Structures are given as structure tokens and as C-alpha cells.
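**Student:** Got a predicted structure here, sequence first:
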Amino acid sequence: MTDERLRLALQKSGRLADGTFDLLKKCGLSISRAKDNLYGRARELPIDILLVRDDDIPSLVDDGVCDIGIVGENVFEEHRLGRGREADDPAAATLVSRLGFARCRLMLAAPKSWASDDLGSYAAKRIATSYPALTQAFLNRAGVAASTAEMSGSVEIAPKLKIADAVCDIVSTGATLEAHGLKPTATVFDSEAILIKRPGALSPSNQSAFDSLMTRIDGVIASRNAKYVMLNAPREAVADIVGLLPGAEAPTVLELAGRDDVVAIHAVCVEEVFWSTLEELKRLGATAILVAPIEKMMP
């Protein structure tokens with residue numbers, strides 16, 4: 001890795017890694033990896049990639065070893081709180097963009113025998129978690145006097161082993177908690193993949209690579225729910241039809257050869273287009289309705 005290339009820290013494996021490499025692929029980047037699978041390099045932009053454990057990414061970016069990183073917001077916030085950093089600390093890594101994948105929730109969960117939506121039920125309890133700083137901050141805000149027991153994995157077994165009374169763990173479907181007789185009762189933190197940047201300014205060459213990468217990422221995010229809608233419509237219904245198209249700005253209205261009463265409407269819809277919307281367009285007289293995905297989009 002050299003100072004002339006932007007250094008990017010990524011999780012080496014797991015759900016976050018899968019989503020990250022999919023994002024980079026959609027950004028037009030192909031990644032070549034070293035034999036040890038710990039280092040990679042983008043062919044299309046001057047970006048070197050370090051493949052590490054997700055827990056290490058905030059520190060690598062915070063300390064300037066890597067210029068940017070993609071990590072779960074829960075991991076980033078746990079790191080920030082654990083180091084006693086303020087969100088606007090100029091000497092700490094900063095959140096640049098939320099990426100919209102790898103969503104999950106950090107939740108309090110208790111044995112079904114006493115689980116309650118009342119946070120007061122956790123008073124004087126011991127809570128096992130891999131996120132002690134996030135958990136304690138939540139309990140402090142809620143005014144609940146409970147303690148935490150830090151565990152690095154298999155948090156859900158803590159109550160059965162009498163290590164703790166309850167847990168605070170990442171929940172996606174809730175099946176793991178259910179299998180261990182636990183019921184989630186409160187959301188501590190909503191998380192998704194984020195891009196973070198080291199403190200301080202980048203070099204001019206790295207800033208150029210960073211700007212190019214962010215332009216591509218913004219384009220991928222913008223195109224996720226965007227659809228290109230094409231249809232024919234009665235001229236007198238154009239205003240009503242344009243009003244129905246979700247998130248469309250200034251649609252293109254085209255004349256049809258040999259038809260004075262019908263026009264073609266083309267629009268980029270930045271919100272999801274539901275079947276109910278198509279049915280309403282049909283009711284207004286629209287025909288030949290086509291909804292196509294957008295592969296790339298420059299905001």
C-alpha cells in the first residue's frame with residue numbers, strides 16, 4: 001500500500017463484506033486480491049484495499065492507517081463511544097455516507113418468563129453484550145440502573161449459563177433469540193453499512209480518487225429504487241398522469257407521429273413504482289406502460 005493510492009478498509013468476510021463487494025462491483029470496480037486474501041487493489045481507480053475484521057476498521061481509519069472504511073454503524077458507534085469521542089470530534093473518523101445495506105438492530109432481549117416492554121424491568125439486571133458502550137449509553141439515557149457483561153460471541157447463551165440476566169445483541173430475524181427462550185423488547189440502535197473517513201485532509205491525488213468513488217457510490221444508491229417509466233397517454237390526462245408518477249421531476253413529453261390526441265411520457269421515478277400506481281395510470285387512459293430498471297444513474 002502506498003501514500004499515492006487511497007487506502008480502503010473492508011470486512012474480509014460475512015454479510016457486510018458481501019454487500020460491500022456488490023456495491024464496489026456496481027461502481028464499476030474490479031478487485032484483485034492477494035493470495036493471503038488480506039489485501040486487494042482496484043483496477044479502475046487508484047485504491048488499495050485492506051481486508052480485516054470489522055471490529056478493526058474504525059481504529060484503522062481513526063488512526064489514519066486507512067483513509068476510508070466501510071463498516072457497520074453499530075461497530076463504528078461502539079468504537080467511538082468506547083474511546084470517549086464526541087460525534088463532531090475533529091481528531092476522529094467521520095461518517096461520510098449511509099450505504100443502505102447490511103441493516104440490523106441492536107436489541108435488548110430477556111427470558112420470556114420476565115420479558116417486558118417496560119425498560120424498568122431491566123433495573124438491577126446484568127446484561128451480556130458485545131456492545132457494552134452502546135448498551136450502557138442507551139440504559140443511561142433511559143435512566144435504567146443496570147450493568148453490562150462484555151462477551152465477544154454467543155451472547156444469547158448468557159442467561160442459561162447464569163452469566164447475565166438478559167442480553168443486548170444484533171437481531172435480524174429473531175430466530176436465534178427465540179431458540180434460546182429470549183424475547184426482544186427494545187431497540188437500542190438501528191444500524192446499516194456506512195462509509196467513514198479518517199480525520200484530516202486527504203492528499204490531492206487521494207482526494208481525487210475519493211471524489212470519484214463517492215460519485216459512483218452516490219449513483220448506485222440513487223439508482224436502487226429508481227425506475228425509467230415510459231407510457232402513452234391522452235393529451236388531456238398528462239397533468240394527472242405526471243402527478244401520479246412517484247418522485248418524477250420534469251418528465252419528458254413527446255409527440256407521437258400521426259397522433260394529435262396522444263403523447264408519449266418518459267420519466268425517471270426515484271421512488272418505488274407499485275402495481276397500484278400502474279393500475280391508476282391505466283385508469284387515466286395510459287397505454288403501453290413500461291417500467292424498466294436503471295443500472296447506472298448520475299445524481
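**Tutor:** Received it, and whenever you're ready, just let me know what you need. Residues are numbered from 1 along each chain as shown.
**Student:** Quickly find the element holding the residue lying closest to residue 120 once chain neighbours are set aside.
**Tutor:** Distance criterion CB to CB, 6 or more residues apart in numbering; nearest residue to residue 120, sequence neighbours excluded, is residue 144 at 6.8 Å. Backbone N, C-alpha and C define where each C-beta goes, glycine included. Under the criterion DSSP states H and E, no helix or strand holds residue 144.
**Student:** ok, now which ones touch residue 144?
**Tutor:** Shown in contact with residue 144 (CB atoms under 8 Å, 6 or more residues apart in numbering): 119-120, 122-123.
**Student:** Check residue 7 too.
**Tutor:** 1, 47-50, 65-68.
**Student:** What helix or strand is it located in?
**Tutor:** Per DSSP H and E: strand 6-11 holds residue 7.
**Student:** And the average pLDDT for that strand is what?
**Tutor:** Regarding strand 6-11, the rounded mean pLDDT is 96.
**Student:** following it, which helix or strand comes up?
**Tutor:** Moving toward the C-terminus from strand 6-11, the next helix or strand (DSSP H and E) is helix 15-26.
**Student:** Tell me the buried residues in that next one?
**Tutor:** Using 16 or more other CB atoms under 10 Å as the test for burial, helix 15-26 gives 16-17, 19-21, 23-24, 26.
**Student:** Quick one: end-to-end distance for stretch 87-98.
**Tutor:** 15 Å (CA to CA, to the nearest Å).
**Student:** strands paired with the lowest-mean-pLDDT helix or strand in the chain, and their directions?
**Tutor:** Of all helical and strand segments in the chain, the minimum by mean pLDDT, DSSP states H and E falls on strand 31-33, at a mean of 86. In the sheet, strand 31-33 lines up against strand 39-42 (antiparallel) (DSSP bridges).
**Student:** elements contacting the helix or strand following the partner strand?
**Tutor:** Downstream of strand 39-42, the first helix or strand assigned by DSSP H and E is strand 47-52. Applying 3 or more CB pairs under 8 Å, 6 or more residues apart in numbering; DSSP states H and E, one finds that strand 47-52 contacts strand 6-11, strand 39-42.
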